[in-house]
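S.K.: Give me a model of this one.
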Amino acid sequence: MKAQIPAVGILKRSDYGHSKSYQIVCECCDPDHYHYVWVDSDDAGVSVRTLTLQKSQVWKLNRWKTIWILLTKGYVEYEADIVMTEQQALNYAETLKSAVSDVKNFRKTVP
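M.R.: Down below sits the predicted model:
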């Protein structure tokens, strides 16, 4: 199996040369399961950041228990997941490799 271009499940959102962002979709097509990846290059090196929007299902939570946990711990834990096919996982890995290489090379050419 080879990585695809354009890649299934990977959407390039922006490309600024030194920074690229992608939207990674879940195989279940639920937009609550998408996550976003930013690959940036600066003087300190290359960084990769991911963002997943966490939402609570209020009807499944005990409101008072959640408030108590928030007051005593200072945070409430949530989970997020993303389901990828084998092809999408391969595309994801290849996209990250390519983006890291691109932003490093762009940074070298800019004074």
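S.K.: Show me which residues of the longest helix anywhere in the chain are buried.
M.R.: Identified as the longest helix of the chain according to DSSP state H is helix 86-109. Buried residues in helix 86-109, defined by neighbour count with 16 or more other Cβ atoms under 10 Å: 88, 90-92, 94-96, 99-100, 102-103, 106-107. From N, CA and C alone the C-beta is placed, and that goes for glycine too.
S.K.: which residues does the residue lying closest to Val100 once chain neighbours are set aside bridge with?
M.R.: Using Cβ to Cβ, 6 or more residues apart in numbering and skipping the chain neighbours, the partner closest in space to Val100 is Val46 (5.4 Å). Note on Val46: beta-bridge partners by DSSP bridges are Ser41.
S.K.: Let's have the buried residues of helix 86-109 in CSV, adding pLDDT.
M.R.: Formatted as CSV, the buried residues of helix 86-109 follow (pLDDT from 0 to 100):
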residue, pLDDT
Gln88, 87
Leu90, 89
Asn91, 88
Tyr92, 87
Glu94, 89
Thr95, 89
Leu96, 89
Ala99, 89
Val100, 90
Asp102, 89
Val103, 89
Phe106, 86
Arg107, 80
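S.K.: how about JSON lines for those residues, with distance to Arg13 added?
M.R.: Below are these laid out as JSON lines (distance: Cβ to Cβ, whole Å):
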{"residue": "Gln88", "distance to Arg13": "17"}
{"residue": "Leu90", "distance to Arg13": "20"}
{"residue": "Asn91", "distance to Arg13": "15"}
{"residue": "Tyr92", "distance to Arg13": "14"}
{"residue": "Glu94", "distance to Arg13": "17"}
{"residue": "Thr95", "distance to Arg13": "12"}
{"residue": "Leu96", "distance to Arg13": "14"}
{"residue": "Ala99", "distance to Arg13": "12"}
{"residue": "Val100", "distance to Arg13": "17"}
{"residue": "Asp102", "distance to Arg13": "15"}
{"residue": "Val103", "distance to Arg13": "15"}
{"residue": "Phe106", "distance to Arg13": "17"}
{"residue": "Arg107", "distance to Arg13": "20"}
